[in-house]
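Asks: give me a 3D structure for the following:
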Amino acid sequence: MVDTNKLPGQTVGRNQTSILVEVPTTVVAYEANDAVAGDADIPLEFANAAVDGNNTGVIMSAVMADDNKQGFTFDLILYKTAPANPVDEAIFSPADAELRNIIGVISFNSWTNFEDNAVSFKGDLGMAFDLDSPNTTIYGQLVTRGAYTAAGIDDISLRLNILQN
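Replies: Residues are numbered from 1 along each chain as shown. Okay, here's the model as predicted:
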């Protein structure tokens, strides 16, 4: 009998974790393909995404929450090592060497709208990762895929739901 809960080469995870990160936004006009980094100009950090000593897992799903129901399209690029610091509101252009450290890309392009806010859910991702020990953090960069003006400061949050090995 085949265990359908396993990905090829993966053991079934021992732990599940859900990591919430607030995206630092500023009230500025972003153009398509701009990095969203706020005043901090640093990559997002999903700390403790892996258990130290094993450093592997599978991103099962992701949620983006928009406090102001704007519903724009974004890509979340995930890295196994920290990429160069992005510049907020500048075209996102990773170095060629950084491409080799990308775990995957999650596109948030469909929204469930509520009265004054919205969420975008991406399930069944099955995005396996293997972080270099002792690193247990997944790094991320949010990129706009269309013109976007944040309605408020820090009005976007991201959640990764991870099965840790």
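
Asks: now do the helices in this structure.
Replies: 96-99 (DSSP state H).

Asks: flag the shaky bits of it, pLDDT-wise.
Replies: The model of the chain has pLDDT under 70 over residues 1-13, 154.

Asks: longest strand in it, by residue count?
Replies: If you go by DSSP state E, the chain has its longest strand at strand 56-66.

Asks: elements contacting that strand?
Replies: Contacts defined by 3 or more Cβ pairs under 8 Å, 6 or more residues apart in numbering; DSSP states H and E place strand 56-66 against strand 74-79, strand 102-108, strand 118-122, strand 127-130, strand 156-164. For every residue, glycine as well, the C-beta is placed using N, CA and C.

Asks: make it 6 Å
Replies: Applying 3 or more Cβ pairs under 6 Å, 6 or more residues apart in numbering; DSSP states H and E, we find strand 56-66 packed against strand 118-122, strand 127-130, strand 156-164.

Asks: most centrally placed residue in this protein?
Replies: Nearest to the mean C-alpha position of the chain, by Cα atoms, centre = their mean, lies Leu76 at 4.5 Å.

Asks: wait, that one touches Ile106, no?
Replies: Yes. Leu76 lies in contact with Ile106 (Cβ atoms under 6 Å); the separation is 4.5 Å.

Asks: picking up where we left off before, could you list everything the residue nearest to the centre of the chain pairs with in the sheet?
Replies: Leu76 has the following beta-bridge partners by DSSP bridges: Ile106, Leu142.

Asks: show me the contacts for it.
Replies: Each residue near Leu76 by Cβ atoms under 6 Å, 6 or more residues apart in numbering is listed here: Ile106, Gly140, Leu142.
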